[in-house]
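Colleague: Sequence and computational prediction follow.
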Amino acid sequence: MKTSIFRQTTGYLTLSALLLFCNLLSAQNQPGVSLKIKKAIGEITLDGVLDEPDWQNADVAGDWYLNYPVDTVRAPFQTEARMTFNDEFLYLSFVCQDDESQDIINSLRRDFNYPLNDNVGVCIGPYNDRLNGFFFVVTPKGVQMEGTITGGGSSDDSFNIFWDNKWLSKTVRYSDKWIVEIAIPFKSFRFKSGIDEWNIAFDRWDLKRNQKTSWIQTPIQYNTGSFAYSGQLVWEDPIPPAKTNISFIPYIAGSTSRNSEVEPASTNSDLQVGFDAKIGITPSMNLDLTVNPDFSQVEVDRQVINLTRFEFRFPERRQFFLENSDLFDLAGFPNARPFFSRRIGLVRDTMGQFQRVPIAYGARLSGSLNENWRLAVMNMHTKEQLSLGLPAQNYTVAALQHNFWAQSSFALSFVNKQSIGVDLADTAKYFHQSVFSEIQTNGQRQLRPNTYNRVISADLELLSKDNRWYHSSFLARSFDDFNLGEQWAGAAFMRYAVRNFNLIGGYTFVNEFFNSEAGFVPSAGVYPGQYTFFGMANYRFYPRQESIISMGPSLNVEHTYIPGGTLTDKTYSLGYAFRFLNTSTLQLSYNYVFQQLTNSFNLIDPERYTSFQAGEEYDWQAFSVEYQSNTRQKFNVRLESTIGGFYNGRNFNLTGELNYRYQPLGNVSLRLDYNNLNLPDNYGKEQLFLIGPRIDLTLTDKIFLTTYYQYNNLLDNMNLNARFQWRFQPASDLFIVYTENYLPLDFSSKNRALVFKMTYWMNL
């Protein structure tokens, strides 16, 4: 018999006061509780039937608790987890109590969208440092997702799904439950030798009931995958010794392309080979190698309409740069990152479009030296690309992290970008703006080679044992041979989070001559140096209503100054947010913005419209609304709209995405970004459109077809990208990708390319 969500939640709230007292008395499943693991005596068969004696005799992680929508009662649909092992595999099993209501499966694609699928999983901390680890997740349809955990799993950003490896699972659905059996090869993940306890957390996302449950009782404001709310996996028998762990992943790729934007039109064909390799140096240290890497199978960037003065940060999508990247990527702060991997192998041309620069080779050594120290070193070498005016360049990134206290760390990082063999005689040959720099000597501007750029950064992360307090700070210094002023950047950030209240405050600064060419500094070229104060506070109510889980106000404040103390930017935002029981959300906000421009810029096209000039002052007010409908429905929508002032005029912005789920075979979506810009005089009156329909078909759990179309009237371009993927063996794929750019007026082709790529994963 199906019970409505509303009736269940009313029951939870009615019983919570009584059960809370019982929970406190029993004090079960609190952080640090032990789960014993013993070596299997017999053979484990992955068949969804837990009839082996080793499963019958295994310790049971049961008695799970709700974390969401309330966190004071035991789960109405319980889950049990068990673990055992042999010399080759770490085994897990889950028994997930359920009824016959339909599971919600958004996709059959590996590394699925976590919040849009029913699933159950484990977070493993094999270093026992409460900071770093791995997660493995399975849906009722047997679709797998795995990844790495950093920062103790204290936020959603701590979970990286782009780590891939081989492991096995089997899921069987019954009328009153579904059972998962998992076998993870010890050689598929890194662990430390000589320790007999690991951090362990289990959780289950029951989307069809909008319920999050976990083995360890976790407050609603914290993540159930956080190691602050994990148990201890106690090894009663020794962990198997590490064996040879080498994976070799060769590829072959071919392409044919046609460029119709040149006269006469040109056609090119190409065939190339390369490989990746993964070598386990120790059980917790890995060496990754890549030779002549090819990223042609990577999905194209989603275009944006950027009406700000700052560079937009496109996400990294290339696999090699995403694996084990946290030590590099998290150095610094969002307004001054010493390293941004998209600076390697991608460069903007004279039209502002990203072009690929071929990479000759790369190597990365990363992992844990011992319980308290982590190390990551990467070296990448790009080839000379005369068509873009670039010489061969070498990039070296290194980071050393020391873990201390419960969940805290200190890290030092170093980034070096080096142009190979460039001097002033090469100005005609190498003409890209990053190769040569203008400097002022005795009142005269001179051109000189920009042969190197280096950044050293120190980062401190402090996280309390219960996740209430969090502090992050960094200090970075850049080095080059042409900037004469101070080259420092830094920040200090503090967060305090409890059940009802969340408070954030911080300070950042970037000197005028801070130069991070292999990093991301969005204010570069905008401010002559800047320092910013910011703060945010929000309060959450948990009303005793059937339809609302939480609601409450928020306040955001940000002030930016330039050297000399001039206030150039200030932003105030006052909002109110609702989270509803049916998974929908709503947020309303009022925004006030003031800017005194420090540089001249144009919103659309400087040849057609008047530019805003440095020194001018503008302030405006706007209202925003954000809405996400019920994600459990096959048709759902996410919309965000802002209306009000914008510089010296007005703008109406509507962005959003319409989604339809054809369960479980695929999704159809339509992304929209619309701006009705109405500025006085000749500053600009335009209706700007970005439309992006997408079809994502998961025909089986091994065959996928994604077609993505983008029309951007600001760029006067239509783009089509279609990608077919066949996972013919675990972690081995065949890709066929077709890309074409059109002129919107007559649909004539600008350029097009057809690519195939095949990879094969071999364990040696």
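Modeller: Here it is on my side, so go on. Just so it is clear, the model here is predicted, and its values are computed rather than measured. Numbering: from 1, shown residues only.
Colleague: Please count neighbours and contacts with C-alpha atoms only from this point.
Modeller: Fine.
Colleague: quick one: the helices in the stretch 251-400 of the chain?
Modeller: 319-322, 326-329 (DSSP state H, counting those that start in this stretch).
Colleague: Can you add distance to Phe652 and mean neighbour count and give those helices back as CSV?
Modeller: Below are these laid out as CSV (distance: least, CA to CA, whole Å; neighbours: other CA atoms under 10 Å):
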stretch, distance to Phe652, mean neighbour count
helix 319-322, 36, 16
helix 326-329, 35, 20
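Colleague: Just send these back as TSV, with mean pLDDT too.
Modeller: TSV is the format used below for those (pLDDT from 0 to 100):
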stretch	mean pLDDT
helix 319-322	85
helix 326-329	87
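Colleague: Low-confidence ranges, the stretch 1-150 of the chain, go.
Modeller: 1-28 (pLDDT under 70).
Colleague: Spell out, range by range, the strands that occur in it.
Modeller: 34-39, 65-68, 79-85, 89-97, 119-125, 133-138, 144-149 (DSSP state E, counting those that start in this stretch).
Colleague: what do you get for the stretch 401-550 of the chain?
Modeller: 408-419, 436-441, 444-449, 452-463, 469-479, 488-497, 501-510, 530-539, 548-562.
Colleague: The stretch 551-700 of the chain now?
Modeller: Under DSSP E, counting those that start in this stretch, the stretch 551-700 of the chain gives strands at 566-580, 585-596, 617-628, 635-646, 649-662, 666-678, 685-698.
Colleague: Save those as a markdown table, and put in distance to Asp54 and mean neighbour count too.
Modeller: Conversion of the strands of the stretch 551-700 of the chain to a markdown table gives the following (distance: least, CA to CA, whole Å; neighbours: other CA under 10 Å):
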| stretch | distance to Asp54 | mean neighbour count |
| --- | --- | --- |
| strand 566-580 | 43 | 18 |
| strand 585-596 | 45 | 18 |
| strand 617-628 | 46 | 17 |
| strand 635-646 | 44 | 18 |
| strand 649-662 | 40 | 18 |
| strand 666-678 | 38 | 19 |
| strand 685-698 | 36 | 19 |
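Colleague: which stretch among the ones you listed comes nearest Gly133?
Modeller: Of all the strands of the stretch 551-700 of the chain, it is strand 685-698 that lies closest to Gly133, at 29.2 Å by CA to CA.
Colleague: what's the angle from the closest one to strand 649-662?
Modeller: If you take axes from the mean of the first three to the mean of the last three CA atoms, to 10 degrees, strand 685-698 sits at 10 degrees to strand 649-662.
Colleague: outside of strand 685-698, which residues touch it?
Modeller: Outside strand 685-698, the residues that touch it by CA atoms under 8 Å, 6 or more residues apart in numbering are 107-109, 303-305, 664-679, 704-714.
Colleague: again, only this time at 6 Å
Modeller: Outside of strand 685-698, the residues within contact range by CA atoms under 6 Å, 6 or more residues apart in numbering are 108, 665-679, 704-713.
Colleague: Can you add distance to Arg309 and give the helices of the stretch 251-400 of the chain back as TSV?
Modeller: Listed next are the helices of the stretch 251-400 of the chain as TSV, based on distance: least, CA to CA, whole Å:
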stretch	distance to Arg309
helix 319-322	28
helix 326-329	23
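Colleague: Burial check on Val415, number of neighbours?
Modeller: A count of neighbours around Val415, defined by other CA atoms under 10 Å, yields 25.
Colleague: same thing with Thr308?
Modeller: 10.
Colleague: now do Ala497
Modeller: Using other CA under 10 Å, Ala497 has 18 neighbouring residues.
Colleague: how far away is the residue nearest to it when sequence neighbours are not counted from Leu503?
Modeller: Nearest residue to Ala497 in three dimensions, chain neighbours excluded: Arg468, at 5.0 Å (CA to CA, 6 or more residues apart in numbering). To Leu503, Arg468 is 10 Å away according to CA to CA, to the nearest Å.
Colleague: Name the residues contacting each of these two.
Modeller: Taking CA under 6 Å, 6+ apart as the contact rule, Arg468 and Leu503 both touch Tyr496.
Colleague: who's the nearest residue to Thr707 once chain neighbours are set aside bridged to?
Modeller: Leaving aside its sequence neighbours, Thr707 sits nearest to Ala722 (CA to CA, 6+ apart; 4.2 Å). For Ala722, the beta-bridge partners are Thr707, Tyr738 (DSSP bridges).
Colleague: The one 4 residues further on too?
Modeller: The residues listed as beta-bridge partners of Trp726 by DSSP bridges are Ile703, Leu734.
Colleague: could you give the mean pLDDT of stretch 712-727?
Modeller: Across stretch 712-727, the average pLDDT comes to 93.
Colleague: Which residues does it contact?
Modeller: 689-690, 702-711, 733-743.
Colleague: mind showing which ranges of the stretch 201-350 of the chain have poor pLDDT?
Modeller: 350.
Colleague: hey, where'd the strands end up in it?
Modeller: So, for the stretch 201-350 of the chain - with DSSP E, counting those that start in this stretch - the strands run 211-214, 231-235, 246-259, 266-282, 285-291, 346-348.
Colleague: ok, how many other residues are close to Ser749?
Modeller: Neighbours around Ser749, by other CA under 10 Å: 17.
Colleague: give the contact list for it.
Modeller: Ser749 touches Tyr742, counting by CA under 6 Å, 6+ apart.
Colleague: what's the spacing between the closest residue to Arg579 other than its chain neighbours and Asn630?
Modeller: Spatial nearest neighbour of Arg579, chain neighbours left out: Thr585 (4.7 Å); criterion: CA to CA, 6+ apart. Computed as CA to CA, the Thr585 to Asn630 distance reads 8 Å.
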